[in-house]
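Trainee: Sequence first, then the predicted structure:
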Amino acid sequence: MSSDDRQVWITGIGLLSSLGEGVDAHWSAVTGKNGPVIDEDSYAPYPVHPLVEVDFATQIKKRGDLRQMEPWQRIGTYSAGLAIEDAGLTGNLEMLDTMDMIVAAGSGERDADMDQKVLESTTGENANKGHSNEILKSELRPTLFLAQLSNLLAGNISIVHKVTGSSRTYMGEELAGLASIENAFNRISSGQSDLMLIGGANNAQRKDALLIFELGQNLWGDKFKSVWERDGGGLVMGSVGAFLVLESAAHAKARGAKAYAKMSAVTSGRCSRGEGEARKQLLSQFETMSGKIDKEQIGVMSGASGCGQANVEELVFLSDLDVGGYNPVMRTYGSLLGHSFEAHMPAGLALAALSLSKGEYPAPFEESENEEIAEGIPSQILVTSVGHWRGEGLALVTGVDSKEAK
């Protein structure tokens, strides 16, 4: 089998966010001028990008399945179904039986009501520590601990959509999403797999999650501003489900599938985040793929979170590219979608592939000197992933020309 046959094609995209559901809704949103959808009141002073209203039953048919999922699982299972449907594989049990899956997910949502009962039973004048054990015995659901397990998302996708190949789950915020992409790319390129479903999900509308990230001083706690405009830094969480169907070029051609784009390279790393280290990491990663990059028609889909030092170093890295003769058009998708941790890199990859398939750049996502109205047609887009705390990586996405598609 030739190296061209082992190209990694993106043949299905499933997106669910504050901007809508599916590729058409998202392309309309990123090329329009409506701006982001923000809820500044429900979790004040922290703005969030809330999930669009959606009928989950259209992808999750059984009420029993739907009932036992918390919102983050519904978001992920629904967007996975959108990706499978977009790839033309819904109901194709023969293909789904061989489809491998890699899911990026954090530990799931906590039972806030039960947390409150336990706290009340152990504090204050009426504290009764023995009563807390009774609460746990009677109300703890069979998911082994107080939050839903990360691999339940993969399990539900398998049950609902009949994806029954190998399954793997990564935990670890942004780096988990990047690892799912890198692992899938390597497995398909090497011939270990021909068809894969990858992605992640995040529910931003959770007081427990907002508390956790604010304890780390990571949130933007003021009126909404776009990523590069947040003086002092801070992230705005977004509810996002992002899944992709990846397959080898040979497999896609054999079943008559079309590609949005192809993945040309993926790199990842994890520096200690000393001063300047994230920038050096990105430059080193860029050098490993620079021979594959078209200087004239390269764009950047930045996954910058908005968090202070990480933001500064990514912007310096991107500015350094001009010195090397690159002049990339940049779009920072967190300004529209919000920051979605495990789902963030898959979402950026999806928007990059969609842009390449349309042959145009999205409109600027913010009014700043970092994002300008673009002329010309992109042939490649570099997707960046700089975690708010740890993890750095790059993915190069390239258009598929008519000769390759035959």
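Mentor: Received it, and whenever you're ready, just let me know what you need.
Trainee: which residues does Glu342 contact?
Mentor: Taking Cβ atoms under 8 Å, 6 or more residues apart in numbering, we find Glu342 in contact with 104-106, 170-174, 176-177, 200-202. For the C-beta atoms, the positions are set from N, CA and C on the backbone; glycine is no exception.
Trainee: Show only the entries of the residues you listed found in helices.
Mentor: Among the contacts of Glu342, the members found in helices (DSSP state H) are 173-174, 176-177.
Trainee: any idea which of those residues has the most stuff around it?
Mentor: Gly177 (35 neighbours; other Cβ atoms under 10 Å).
Trainee: helices or strands next to the helix or strand hosting Ala80 in the packing?
Mentor: Secondary structure assignment for Ala80, by DSSP states H and E: helix 71-86. On a contact count with 3 or more Cβ pairs under 8 Å, 6 or more residues apart in numbering; DSSP states H and E, helix 71-86 meets strand 8-17, strand 20-21, helix 22-31, helix 151-161, strand 195-202, strand 240-248.
Trainee: any residues touching the helix or strand that comes right after it, and which ones?
Mentor: Next helix or strand after helix 71-86 toward the C-terminus (DSSP H and E): helix 93-96. Outside helix 93-96, the residues that touch it by Cβ under 8 Å, 6+ apart are 84, 89, 161-164, 195, 255.
Trainee: And for stretch 15-27?
Mentor: With Cβ under 8 Å, 6+ apart as the contact definition, stretch 15-27 has outside contacts at 13-14, 28-30, 36-38, 49-52, 54, 75, 78-79, 82, 86, 238-242, 336-338, 340, 347, 350-351, 354, 358.
Trainee: Flag every buried residue along it.
Mentor: 15-23, 26-27 (16 or more other Cβ atoms under 10 Å).
Trainee: Straight-line length of it, end to end?
Mentor: Its first and final residues considered, stretch 15-27 spans 10 Å by Cα to Cα, to the nearest Å.
Trainee: and that stretch, what's its mean pLDDT?
Mentor: Per-residue pLDDT over stretch 15-27 has a mean of 97.
Trainee: That stretch: how far from the chain's middle?
Mentor: From the chain centre to the centre of stretch 15-27 is a distance of 13 Å (Cα atoms, centre = their mean, to the nearest Å).
Trainee: cool, and stretch 115-122?
Mentor: For stretch 115-122 - counting by Cα atoms, centre = their mean - the centre lies 34 Å from the chain centre.
Trainee: what comes up buried for that stretch?
Mentor: By neighbour count on 16+ other Cβ under 10 Å, the buried set for stretch 115-122 is 117-118, 121.
Trainee: Over to stretch 176-193?
Mentor: Of the residues in stretch 176-193, those buried by neighbour count under the rule 16+ other Cβ under 10 Å are 176-185, 187-189, 193.
Trainee: what does stretch 37-50 give?
Mentor: 37-39, 43, 46-50.
Trainee: which of those sit farthest apart?
Mentor: Val37 and Tyr46 (15.4 Å; Cβ to Cβ).
Trainee: Could you report the neighbour count for Thr31?
Mentor: Thr31 sits with 13 neighbouring residues when counted by other Cβ under 10 Å.
Trainee: so who does it touch?
Mentor: Remark: with contacts taken as Cβ under 8 Å, 6+ apart, Thr31 is in contact with 360, 362-363.
Trainee: picking up where we left off before, could you single out the nearest of the buried residues of stretch 15-27 to Leu219?
Mentor: In terms of Cβ to Cβ, no member of those lies closer to Leu219 than Ser18, at 17.0 Å.
Trainee: on that earlier part again, from the contacts of helix 93-96, which is closest to Ser284?
Mentor: Nearest to Ser284 out of these is Leu195 (Cβ to Cβ; 32.0 Å).
Trainee: What does the pLDDT read for that closest one?
Mentor: With respect to pLDDT, Leu195 scores 98.
Trainee: thinking again about what came up before, report the rounded mean pLDDT for the helix holding Ala80.
Mentor: On average, the pLDDT along helix 71-86 is 97.
Trainee: quick one, that helix and strand 8-17 angle?
Mentor: 130 degrees (axes from the mean of the first three to the mean of the last three Cα atoms, to 10 degrees).
Trainee: what distance separates helix 71-86 from the centre of its chain?
Mentor: Centre-to-centre, helix 71-86 and its host chain are 12 Å apart (Cα atoms, centre = their mean).
Trainee: What of stretch 15-30?
Mentor: Distance of stretch 15-30 from its chain centroid, counting by Cα atoms, centre = their mean, is 14 Å.
Trainee: Just the endpoints, please. Distance across it?
Mentor: Span of stretch 15-30 from end to end, Cα to Cα: 13 Å.
Trainee: in stretch 207-216, what counts as buried?
Mentor: Neighbour counts over stretch 207-216 (16+ other Cβ under 10 Å) mark 209-210, 213 as buried.
Trainee: which ones among those are found in helices?
Mentor: Among the buried residues of stretch 207-216, the residues falling in helices (DSSP H) are 209-210, 213.
Trainee: Including pLDDT, could those go into a markdown table?
Mentor: What follows is those, written out as a markdown table (pLDDT from 0 to 100):
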| residue | pLDDT |
| --- | --- |
| Ala209 | 91 |
| Leu210 | 93 |
| Phe213 | 94 |
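Trainee: Now do the residue located most distally from the centre of the chain against Arg390, distance only.
Mentor: The C-alpha centroid of the chain is most remote from Glu125, which lies 45.4 Å away (Cα atoms, centre = their mean). Per Cβ to Cβ, to the nearest Å, Glu125 is found 42 Å from Arg390.
Trainee: for Gly399, same thing?
Mentor: From Gly399 over to Arg390 the distance is 32 Å, taken as Cβ to Cβ.
Trainee: okay, those two: which has more neighbours?
Mentor: Just comparing Gly399 and Arg390: by other Cβ under 10 Å the higher neighbour count belongs to Gly399, 21 against 17.
Trainee: pLDDT score assigned to the more buried one?
Mentor: For Gly399, the model assigns a pLDDT of 95.
Trainee: Spatially nearest residue to the most centrally placed residue in the chain, not counting backbone neighbours?
Mentor: With distances taken as Cα atoms, centre = their mean, Ala343 lies nearest the centre of the chain, 2.3 Å away. Leaving aside its chain neighbours, Ala343 sits nearest to Gly200 (3.9 Å; criterion: Cβ to Cβ, 6 or more residues apart in numbering).
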